[in-house]
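Trainee: let me see the structure of the following:
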Amino acid sequence: MEDKSNKKIVLLITTLGAFIVPFMVSSINVALPSISKEFVMNTVLLNWVVLSFMLSIAVFILPFGRVADIFGRKKLLLYGISGYTVASILCGISFDTGMLIASRVLQGISGAIISVTIISMLSSVYFQGERGRALGINVAATYIGLSSGPFLGGFLTKYLGWRSIFFLVVPVGIIIIIILLNLKQDWAEAKGEDFDYKGSIIYGVSLFAVIYGFSLIRSFWGITLILIGFILMIIFGFYENRVKNPILNMTLIKNNKILIFSSLAALINYSATFVVGYLLSLYLQYIKGFEPQQAGLILVAQLNALKRSKKLELLYQLMQERENRHSTRSHCRNSIATTSHLTCTGQESRARLAWNTWRNLLVTLTLLLIVFTVTTISTEQTQGGSHLQEPQEQESENKRTYLQ
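Mentor: The predicted structure follows:
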């Protein structure tokens with residue numbers, strides 16, 4: 001009975017955690033014009049309100065994954081939720097641009113902790129046969145946060161002001177903290193091992209250099225930073241291949257083509273879709289003169305004029321839920337290929353509405369062809385097996401760790 005109770009508690013914690021981070025990602029886009037108006041921001045500073053949060057997550061999510069394995073996932077999640085709650089309060093009471101961006105950095109660092117620990121906690125509690133259902137619920141909470149963010153963010157911005165978006169997640173954070181304090185068990189499968197500080201620094205600096213370089217790409221220093229960042233990434237790869245306890249096990253990449261192609265497909269997919277929310281929010285409010293609530297509704301609909309795209313996105317979510325429920329029994333290779341191809345079709349439809357010249361349309365179709373090719377190749381790599389099997393020894397070890 002105690003084991004089942006702990007599972008339900010962990011599932012509740014991770015579901016709430018999976019909601020608040022993506023909710024903040026999508027909801028803040030609608031509030032950007034209001035923030036810019038209050039603080040008199042230029043385009044560069046306004047971009048950093050979003051970029052500071054996302055870049056912090058990208059830089060710290062890999063090192064914190066290793067930290068969670070060493071020092072305990074529940075303990076680190078408690079720190080992450082506490083930091084996220086405090087950072088949200090600081091964002092809500094910010095009195096100038098510097099304080100807001102600094103608070104967003106703290107919020108992003110805490111968001112990285114939340115994002116990396118909730119999945120690992122679920123994997124530690126739910127074993128083969130029931131893990132797929134738990135992960136499916138977690139993914140559902142993530143997409144609920146992403147899809148509800150624009151509408152709720154627009155509604156709050158119009159009637160309560162943009163600061164209310166940050167205050168909304170504070171009660172959720174407090175609830176998670178209270179539940180975590182009453183959860184006695186913790187999981188630290190790599191306890192006592194060394195942490196790779198040098199690799200973490202190289203990784204963080206390289207990623208920051210690339211992203212910051214792209215924001216200055218029109219200048220000499222921007223191109224220089226991008227080159228330095230890519231060089232450091234290569235150095236990071238060689239270093240991680242030789243260190244004893246790396247933050248990124250390079251053998252996972254070398255010997256797993258499925259992981260490579262699926263990660264590349266995810267990168268292309270999110271790069272193409274996430275930018276729509278940011279740019280479209282500014283376009284609708286600055287150019288079209290829509291109110292935040294109206295802009296949020298349009299963002300939720302993902303360009304309401306495209307009925308075909310809406311049907312494809314709904315089909316994508318339904319197929320994803322189905323595969324998450326059966327992920328412990330069979331490969332989801334067919335759904336990966338199918339839904340990726342449907343995403344290509346939806347992006348092609350958006351391009352037809354947004355761009356008028358045939359040259360831009362040709363570029364879009366070329367990029368979509370790349371996505372199609374990548375997902376097809378990754379599907380072929382899975383033909384050799386029909387079941388997702390985990391090593392029995394590792395499964396037994398996980399169960400022993402959980403029961404302790």
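Trainee: for the protein, what helix or strand is lowest in average pLDDT?
Mentor: helix 307-325 (a mean of 44; mean pLDDT, DSSP states H and E).
Trainee: what's the first helix or strand after the helix or strand that contains residue 118?
Mentor: Using DSSP states H and E, residue 118 sits within helix 97-125. Using DSSP H and E, the next helix or strand after helix 97-125 towards the C-terminus is helix 131-159.
Trainee: which strands and helices sit next to that next one?
Mentor: With contacts defined as 3 or more Cβ pairs under 8 Å, 6 or more residues apart in numbering; DSSP states H and E, helix 131-159 has these neighbours: helix 2-39, helix 97-125, helix 163-181, helix 292-301, helix 307-325. Bear in mind the C-beta positions are built from the backbone N, C-alpha and C, glycine included.
Trainee: now the third one, how far from the centre of its chain.
Mentor: A distance of 19 Å separates the C-alpha centroid of helix 163-181 from that of its chain, computed with Cα atoms, centre = their mean, to the nearest Å.
Trainee: ok, back up a step: so which of the helices and strands packed on helix 131-159 is nearest residue 203?
Mentor: helix 97-125 (12.5 Å; Cβ to Cβ).
Trainee: from the contact counts, what lies against that closest one?
Mentor: helix 2-39, helix 43-71, helix 73-92, helix 131-159, helix 392-403.
Trainee: quick one, the second one and helix 73-92 angle?
Mentor: Helix 43-71 and helix 73-92 meet at an angle of 160 degrees, taking axes from the mean of the first three to the mean of the last three Cα atoms, to 10 degrees as the criterion.
Trainee: before we move on, back to that, list the buried ones in the helix holding residue 118?
Mentor: For helix 97-125, the neighbour count (16 or more other Cβ atoms under 10 Å) marks 97, 100-122, 124-125 as buried.
Trainee: same list (the helices and strands packed on helix 131-159) but as TSV, adding distance to residue 259.
Mentor: What follows is these, written out as TSV (distance: least, Cβ to Cβ, whole Å):
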stretch	distance to residue 259
helix 2-39	22
helix 97-125	15
helix 163-181	30
helix 292-301	31
helix 307-325	17
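Trainee: looking at these, which has the lowest confidence?
Mentor: Among the helices and strands packed on helix 131-159, helix 307-325 has the lowest mean pLDDT, at a mean of 44.
Trainee: most packed of the helices and strands packed on helix 97-125?
Mentor: helix 73-92 (a mean of 22; mean count of other Cβ atoms under 10 Å).
Trainee: helices or strands up against that helix?
Mentor: Counting by 3+ Cβ pairs under 8 Å, 6+ apart, helix 73-92 packs on helix 2-39, helix 43-71, helix 97-125, helix 163-181.
Trainee: distance to residue 288 added to those helices, as a markdown table?
Mentor: Converted to a markdown table, those look like this (distance: least, Cβ to Cβ, whole Å):
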| stretch | distance to residue 288 |
| --- | --- |
| helix 2-39 | 11 |
| helix 43-71 | 18 |
| helix 97-125 | 26 |
| helix 163-181 | 22 |
